[in-house]
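Novice: take this sequence and fold it.
(one chain, ligands or ions: 1)
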Amino acid sequence: MSGSALPLPLVARDGRSAWLRAAEIADAEGLAAFLHGLSAATRAVFLPHAADEATVHRYLSRATAGVDLAYVLATDAGLAGYAFLWDFDQPVPLLGIGFADAWQGQGLGEKVLRRLLDDARHARRAAVELSTVPGNTRALRLYERVGFVRLGDVDNVAGDGRVVREHRMFLPLQPDARPPERHFGPPV
Ligand SMILES: CC(C)(COP(=O)(O)OP(=O)(O)OC[C@H]1O[C@@H](n2cnc3c(N)ncnc32)[C@H](O)[C@@H]1OP(=O)(O)O)[C@@H](O)C(=O)NCCC(=O)NCCS
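Specialist: Modelled structure (predicted):
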């Protein structure tokens, strides 16, 4: 990891405080509660993996082992965000980010996104990519602002097994970076 020391204090537009920190195994219960607590509208655009205990534990284990890089947004009322680079040990990690409804539109997305990109640069990754549903204007604007370009569309498998046609967004970090062949969905 790189950049400012963790936990990284963040202030929402409305003045509330949150802290970005590395996800830990001890976050299993909180992360499951966070995923269960997302509204239907947010789950339609962000449900990276199932929220049962075994699945959450498996993804936290990947992160603590360094296969993935994962952060949580901690608040006084529990976890309010989850952001990660799946396959962080590979040349082109896959980015995901989502906040609880009450923490969206507060200007935190760009800060967390830039942190993940700094981490990828620091680790000399070739590129970062992601997929996002076409109607997710807020996310698309944010991704384009930090340099992602749309490469086309892919079928992404959501955390509940739905297959969703999404925009593939790519951000090269090295001059010769090329998008890899990949399955879009939770790593198995
Ligand atoms: C996407 C997400 C991470 C962005 O983080 P955020 O902190 O809410 O974003 P910001 O408040 O920084 O807003 C980002 C931009 O979108 C704009 N925006 C905010 N609400 C918007 C809306 N309803 N429609 C269009 N644009 C919107 C903001 O104005 C800002 O652009 P600007 O700085 O040029 O004005 C967050 O909203 C979220 O978790 N959404 C639900 C899950 C999700 O969509 N995850 C991504 C899946 S690919």
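
Novice: just confirm yes or no for the top helix by length along the chain near the ligand.
Specialist: Assignment by DSSP state H gives helix 108-122 as the longest helix of the chain. Yes: judged by CB under 6 Å from any ligand atom, helix 108-122 and the ligand are in contact via 108, 109, 110. (Each C-beta comes from the backbone N, C-alpha and C, glycine too.)

Novice: what sits up against that helix?
Specialist: Residues outside helix 108-122 that contact it (CB atoms under 8 Å, 6 or more residues apart in numbering): 1-3, 8, 10, 12, 18, 20, 69, 71, 73, 81, 83-85, 88, 93, 95, 97, 99, 128, 138-139, 142-143, 145-146, 171, 173.

Novice: what's the distance between residue 124 and residue 88?
Specialist: Residue 124 is 12 Å from residue 88, where distance means CB to CB, to the nearest Å.

Novice: where does this structure have low pLDDT?
Specialist: Applying pLDDT under 70 to the chain flags residues 1-2.

Novice: for it, which residues are neighbours of the ligand?
Specialist: 42, 45-46, 97-99, 104-110, 132, 136-139, 141-142.

Novice: filter the residues you listed to the buried ones?
Specialist: Neighbour-count burial (16 or more other CB atoms under 10 Å) is assigned, among the residues of the chain next to the ligand, to 42, 45-46, 97-99, 104, 106, 108-109, 132, 136, 139, 142.

Novice: check those residues and tell me the two furthest apart.
Specialist: Greatest spacing in those, by CB to CB: 106 and 132 (19.0 Å).

Novice: strands along this structure, start to end?
Specialist: 8-11, 17-22, 69-75, 78-86, 94-99, 127-132, 149-157, 163-172 (DSSP state E).

Novice: let me have the ones you listed in TSV, extended by distance to residue 119.
Specialist: Conversion of the strands of the chain to TSV gives the following (distance: least, CB to CB, whole Å):
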stretch	distance to residue 119
strand 8-11	12
strand 17-22	10
strand 69-75	6
strand 78-86	7
strand 94-99	10
strand 127-132	9
strand 149-157	20
strand 163-172	13
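
Novice: mind checking how far the closest residue to residue 11 other than its chain neighbours is from residue 111?
Specialist: In space, and not counting its chain neighbours, residue 11 is closest to residue 17: 5.9 Å by CB to CB, 6 or more residues apart in numbering. Going from residue 17 to residue 111 by CB to CB gives 13 Å.

Novice: any common contacting residues for the two?
Specialist: Both residue 17 and residue 111 are contacted by residue 10, under the criterion CB under 8 Å, 6+ apart.

Novice: tell me how far whichever residue of the chain sits closest to the ligand lies from residue 98.
Specialist: Using CB to the nearest ligand atom, the single residue of the chain nearest to the ligand is residue 109, 2.1 Å away. Distance of residue 109 to residue 98, given as CB to CB: 9 Å.
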